[in-house]
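Asker: This is a predicted model, with the sequence first.
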Amino acid sequence: MGNVLVEDRGAVRIVTINRPHRRNAVDRATGDELYDIFQKFDTDDSVSVAILTGAEGAFCAGFDLKTLSEHGDSTTLGELEHGGEGDLGPMGPTRLMLSKPVIAAVEGHAVAGGMELAIWCDLRVMAEDAIFGIYCRRFGVPLIDGGTIRLPRLIGQSRAMDLILTGRPVDAAESAQIGLANRVVPSGQALAASLQLAEELARFPQTCMRNDRLSMLAQWGMDHDAALRNEAKIGFGTVRSGESVAGATRFSGGEGRHGDFKSGDS
């Protein structure tokens, strides 16, 4: 079996890091494989949402430090170090901006680069006994997969500074409180809950959902007025696609009244 397993369930693609002997730590080959898998997911019209998880009760322990110790930085990271050029990160897909959502199903530890993978995802479903943490703080290994950028954007600079400087473990209760976890579920249920959430997202009209997501992600690099103009441009593109008129017609026919989300499939 490979370092990464891929399974499709309807419109949902489940991507599983499969290195339990290393607590699903990612080496260079695994990172390359994850990168290729998510690039293909983004262009595959048969799937709408992806789930990223880890095998055998662990999400990901970060970059494989044993590999780094044995081979050194030049062999392990190679061309990845040159100013962050390109969109391949040491952990794989962390410099990609996909057009479709990805959900992290977190069991066990999601630490160091594993935490960076989790916060690269759009949403995080966390088991009640799972742990986040910048554990690489103890070993002088930096965050170079977006952690210093995405974490403060998710939870605010003050909280992010605490986690980045101390490297301390963050349990599910605190993760939910500070907005790091979007859902907390019983132990062993993260994948099942993520699959249910992914199927809900996949049932929505996809052009509108993806475009609203794109506008939200793009606004970080814009001033207020530019962000509003971009939102309008993207939003009117959704209307012109015909999806909004089709939805309005379904609503006029009685679908989705009183906030009902059970119908409304795309």
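Answerer: Nice, I can see it.

Asker: And the pLDDT for Arg63?
Answerer: For the record, residue 63 is Phe, not Arg. With respect to pLDDT, Phe63 has a value of 95.

Asker: in the sheet, who's paired with it?
Answerer: Val26 (DSSP bridges).

Asker: what about it, neighbour count?
Answerer: Other residues within reach of Phe63, judged by other Cβ atoms under 10 Å, total 26. Where you see a C-beta, it was placed from the backbone N, CA and C, and this is true even at glycine.

Asker: How about the contacts made by it?
Answerer: Going by Cβ atoms under 8 Å, 6 or more residues apart in numbering, Phe63 touches 25-27, 90-91, 112-113, 136, 141.

Asker: Mind listing residues that contact stretch 196-211?
Answerer: 10-12, 48-51, 99-101, 103, 123, 125, 183, 234-235, 237-238, 241, 243-244, 246-247, 261, 264-266.

Asker: what's the span of it, first residue to last?
Answerer: End-to-end span of stretch 196-211 (Cα to Cα, to the nearest Å): 22 Å.

Asker: Buried residues of it, list them for me.
Answerer: By 16 or more other Cβ atoms under 10 Å, the buried positions in stretch 196-211 come out as 197-198, 201-211.

Asker: Of the residues you listed, which is the nearest to Leu34?
Answerer: Comparing those against Leu34 with Cβ to Cβ places Ala198 closest, at 17.8 Å.

Asker: The stretch 51-200 of the chain: strands as residue ranges?
Answerer: Counting by DSSP state E, counting those that start in this stretch, the stretch 51-200 of the chain has strands at residues 102-106, 109-111, 123-127, 131-133, 170-171, 183-185.

Asker: Mean neighbour count, distance to Met216 and mean pLDDT added to those, as TSV?
Answerer: What follows is those, written out as TSV (neighbours: other Cβ atoms under 10 Å; distance: least, Cβ to Cβ, whole Å; pLDDT from 0 to 100):
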stretch	mean neighbour count	distance to Met216	mean pLDDT
strand 102-106	29	15	99
strand 109-111	27	23	98
strand 123-127	26	13	98
strand 131-133	22	22	98
strand 170-171	21	24	98
strand 183-185	21	19	98
